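Chemist: 3D model of this:
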Amino acid sequence: MDPSPAEALIRIDRNPSGIVVITINRPKALNSMTRAMMVDLAGAFKRFEADDSVKVIVITGSGRAFCSGVDLTAAEDVFKGDLNDPEADPVCQMERCRKPIIGAIGGFAITGGFELALACDILIAGKDAKFIDTHAKFGIFPSWGLSQKLSRIIGPNRAREVSLTAMPITAEVAEKWGLVSHVVEGSELLKKAQQVAEAIIKNNQDMVLKYKSVINDGLKLDLGHALSLEKERAHNYYDGMTKEQFQMMQKFISGRRSKPPSKM
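Modeler: You can find the predicted model right below:
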């Protein structure tokens, strides 16, 4: 018999507006992930990437943690297993996903869990959130991007201290350093994530996908090449538009001018 949604280790909740919430649901083990859970998580992101009804994906954890990383009792099975296959790698599938991914981080995001958080496009933290990199403490080599992504977000000196000391980053410090966009009470975490998701959904969805892509692809380049990439994609975008599409754009913009911008 299949587990009920409440018992599933990777729980999925869909909203009619196009928001999907993925919950890592192993709270008694601080949401540490087994190989099977990682494969399921990768499959969920791959599935929702291909689903046109899904506009925004929120990932969170149940209980006292977002995710405490890989279940080290199964470390050899994970690190030497078939997770070298991108199809079964959750971070690889998150990075391939065109849809915006919001991380709602409550409690601990440790090592592999920290890397899952860094694979999100926007991070919202509960006041109890703590980001901890224990790779150096336990002799685990990072392979989901923490050694490269964190320094690009908070700066290399701070990243070296965080990773080489295994010191925690509190929610307050994470917001100060630009790692998270918002810090809220834990009870408001998913509400805030949904508010941000709904603000995204109100916009032109084709442009949302293209904008996320050019930001993320540009981050892999130096500034000069990134600016050229933006220019190239802008030209391709406008060259592909018909006269009718330009007229629709102008009509839409004219209608929006009379409306005050909404607040986050």
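
Chemist: can you give me the strands in the stretch 51-200 of the chain?
Modeler: Using DSSP state E, counting those that start in this stretch, the strands of the stretch 51-200 of the chain run over residues 56-61, 65-67, 101-105, 108-110, 122-126, 130-132, 169-170, 182-184.

Chemist: could these be laid out in TSV, adding mean neighbour count?
Modeler: Yep, even glycine has a C-beta here, placed from its N, CA and C like the rest. Conversion of those to TSV gives the following (neighbours: other Cβ atoms under 10 Å):
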stretch	mean neighbour count
strand 56-61	25
strand 65-67	29
strand 101-105	28
strand 108-110	27
strand 122-126	25
strand 130-132	23
strand 169-170	20
strand 182-184	20
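
Chemist: in a markdown table: the ones you listed, plus mean pLDDT and distance to residue 200.
Modeler: Below are the strands of the stretch 51-200 of the chain laid out as a markdown table (pLDDT from 0 to 100; distance: least, Cβ to Cβ, whole Å):
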| stretch | mean pLDDT | distance to residue 200 |
| --- | --- | --- |
| strand 56-61 | 98 | 5 |
| strand 65-67 | 97 | 21 |
| strand 101-105 | 98 | 8 |
| strand 108-110 | 97 | 22 |
| strand 122-126 | 98 | 9 |
| strand 130-132 | 98 | 24 |
| strand 169-170 | 97 | 26 |
| strand 182-184 | 97 | 14 |
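
Chemist: can you redo the ones you listed as a markdown table with distance to residue 243?
Modeler: What follows is these, written out as a markdown table (distance: least, Cβ to Cβ, whole Å):
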| stretch | distance to residue 243 |
| --- | --- |
| strand 56-61 | 31 |
| strand 65-67 | 48 |
| strand 101-105 | 35 |
| strand 108-110 | 49 |
| strand 122-126 | 35 |
| strand 130-132 | 49 |
| strand 169-170 | 51 |
| strand 182-184 | 41 |
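
Chemist: now for these, which one comes closest to residue 199?
Modeler: Smallest distance to residue 199 across the strands of the stretch 51-200 of the chain (Cβ to Cβ): 9.5 Å, for strand 56-61.

Chemist: from the contact counts, what lies against the closest one?
Modeler: Packing partners of strand 56-61 (3 or more Cβ pairs under 8 Å, 6 or more residues apart in numbering; DSSP states H and E): strand 19-24, strand 101-105, helix 189-201.

Chemist: show me what the nearest residue to residue 169 once chain neighbours are set aside is bridged to.
Modeler: In this structure, residue 169 finds its nearest non-sequential neighbour in residue 131, 4.3 Å apart by Cβ to Cβ, 6 or more residues apart in numbering. Residue 131 forms beta bridges with residue 109, residue 169, as assigned by DSSP bridges.

Chemist: surely residue 131 touches residue 168?
Modeler: Yes: using Cβ atoms under 8 Å, residue 131 is in contact with residue 168, at 6.7 Å.

Chemist: just want the most central residue of this structure.
Modeler: Taking Cα atoms, centre = their mean, the centroid of the chain lies closest to residue 120, which sits 1.5 Å from it.

Chemist: which residues are in contact with that one?
Modeler: By Cβ atoms under 8 Å, 6 or more residues apart in numbering, residue 120 lies in contact with 59, 94, 101-103.

Chemist: isn't residue 121 right next to residue 100, touching?
Modeler: Yes: with contact defined as Cβ under 8 Å, residue 121 reaches residue 100; the gap is 5.1 Å.

Chemist: between these two, which has more neighbouring residues?
Modeler: Ranked by neighbour count (other Cβ atoms under 10 Å), residue 121 and residue 100 place residue 100 first, with 20 against 17.

Chemist: might you report the residue contacts of that one?
Modeler: By Cβ under 8 Å, 6+ apart, the contact set of residue 100 is 55-57, 121-122, 197, 200, 208, 212.

Chemist: mind putting those into JSON lines with distance to residue 12?
Modeler: Shown next, in JSON lines, are the contacts of residue 100 (distance: Cβ to Cβ, whole Å):
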{"residue": "55", "distance to residue 12": "15"}
{"residue": "56", "distance to residue 12": "14"}
{"residue": "57", "distance to residue 12": "10"}
{"residue": "121", "distance to residue 12": "19"}
{"residue": "122", "distance to residue 12": "20"}
{"residue": "197", "distance to residue 12": "15"}
{"residue": "200", "distance to residue 12": "19"}
{"residue": "208", "distance to residue 12": "22"}
{"residue": "212", "distance to residue 12": "22"}
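
Chemist: with that, I have no additional questions.
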